[in-house]
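Student: Structural data only, the sequence is not supplied:
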DNA sequence: TGTAGCGTGTAGTATACACTCTACACATGA
DNA sequence: TCATGTGTAGAGTGTATACTACACGCTACA
């Protein structure tokens, strides 16, 4: 597996760092609750991504979408899993049904559900 | 955590066993590729549910919906995770949008997607 | 020139996961 | 009575996950 996650975090962090010195490895690590050396290794792909909890924090601090960051780590947000686990047959069906649709079509479904009276 | 998974498996197995002697703990375990004592403990809740792979096999042998059995084990099928990981922002949105709808409404969406031209 | 902050290398750890192996007591049927 | 099948008990194992602790060398700057 390539190091998409680490590279992404490093880029996001360094971009922010140009304007804010609080985005050094050490400072960010501390704000997320990790050892700096651990975060450093994660960014360079010498360590697998951290737990979902830490990834969510990381996304928050970096101003990123947690779902996207989790996906880069090969994970899925627990609240989504919860939804599926509660009604597995139903959500299994709908997700597989939507799987092959292009983005714009799925978005149309999102909008219809949000706006319509269901 | 209660032992929903184990109880469910035991019930399904014993139901089938009335008609087919191939559904003893030993025989089923062998067909799924597990040690009988392990399966026995799983059924009685002394062991956590097995891996997703084994659960899928178990569902197959028992004639059950793998999504449902996985959910009882607190897991989600990997092919569904894959769908979400590929387009995390999009599927995050739609799943959360559908979360609070009642079954019949979600089913209507399923049908609309399946039949309609999207 | 000291000291503060920086990224990073090496080593180690605690916990959970997903099992296996062997052996036992009991029941049934030939 | 002997073989076969049954469920189960107890102990142990290998691997992955998710980290921490600490030390090193570099750079900026006061």
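Tutor: Cool, the structure landed. In this text the structure is predicted, and so the values were computed from the model without any measurement.

Student: buried set for the helix or strand bottoming out on mean pLDDT in chain A?
Tutor: The weakest-scoring helix or strand in chain A, judged by mean pLDDT, DSSP states H and E, is helix A:103-115 (a mean of 93). For helix A:103-115, a neighbour-count test (16 or more other CB atoms under 10 Å in any protein chain shown) marks A:106, A:109-110, A:113 as buried. In this view, the C-beta of every residue, glycine as well, is placed from N, C-alpha and C.

Student: Among those, which pair sits farthest apart?
Tutor: Greatest spatial distance among the buried residues of helix A:103-115 (CB to CB): A:106 and A:113, at 10.7 Å.

Student: Between these two, which contacts overlap?
Tutor: residue B:94 (CB atoms under 8 Å, 6 or more residues apart in numbering or on different chains).

Student: neighbours around residue A:12, how many?
Tutor: Using other CB atoms under 10 Å in any protein chain shown, residue A:12 has 19 other residues around it.

Student: what about stretch A:34-52, average pLDDT?
Tutor: Averaged over stretch A:34-52, pLDDT sits at 98.

Student: Check the offset of it from the chain's centre.
Tutor: Distance of stretch A:34-52 from its chain centroid, counting by CA atoms, centre = their mean, to the nearest Å, is 15 Å.

Student: check whether that stretch contacts chain B.
Tutor: No: judged by CB under 8 Å from any CB of the partner chain, stretch A:34-52 makes no contact with chain B; its nearest approach is 12.5 Å.

Student: Quick one: residues in contact with that stretch.
Tutor: With CB under 8 Å, 6+ apart, stretch A:34-52 has contacts from A:2-3, A:5-7, A:9-10, A:13, A:25-26, A:28-30, A:32, A:54-55, A:58, A:70, A:72-75, A:77-78.

Student: Write the ChimeraX selection for whichever of these are buried.
Tutor: The ChimeraX selection below is limited to those of the contacts of stretch A:34-52 classed as buried (16+ other CB under 10 Å):
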select /A:3,5,6,9,10,13,25,28,29,32,54,55,58,70,72,73,75,77
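
Student: Within reach of DNA strand D, which of the contacts of stretch A:34-52 are there?
Tutor: With CB under 7 Å from any atom of the strand as the criterion, the contacts of stretch A:34-52 include residue A:54 near DNA strand D.

Student: near chain B, from the contacts of stretch A:34-52?
Tutor: Within those, those near chain B by CB under 8 Å from any CB are A:70, A:74-75, A:77.

Student: so which two of the residues you listed are the farthest from each other?
Tutor: Every pair of those checked by CB to CB; the farthest is A:74 and A:77, at 12.5 Å.

Student: Relative to residue A:8, how far out is residue A:54?
Tutor: As judged by CB to CB, to the nearest Å, residue A:54 and residue A:8 stand 15 Å apart.

Student: Equivalent analysis for residue A:93, please.
Tutor: In terms of CB to CB, residue A:93 sits 32 Å off from residue A:8.

Student: hang on, residue A:73 packs against residue A:6?
Tutor: No: at 9.5 Å, residue A:73 does not count as touching residue A:6 under the criterion of CB atoms under 8 Å.

Student: domains for chain A, by residue range?
Tutor: As recorded under automatic domain parsing, the domains making up chain A are A:4-76, A:87-115.

Student: now the longest one, how far from the chain's geometric center?
Tutor: The one in question is domain A:4-76. Offset of domain A:4-76 from its chain centre (CA atoms, centre = their mean): 10 Å.

Student: do that domain and DNA strand C meet?
Tutor: Yes: shown here: domain A:4-76 in contact with DNA strand C (CB under 7 Å from any atom of the strand) through A:17, A:21, A:24-27, A:36-37, A:40-41, A:43-44, A:46.

Student: Show me which of these are buried.
Tutor: A:25, A:27, A:40, A:43.
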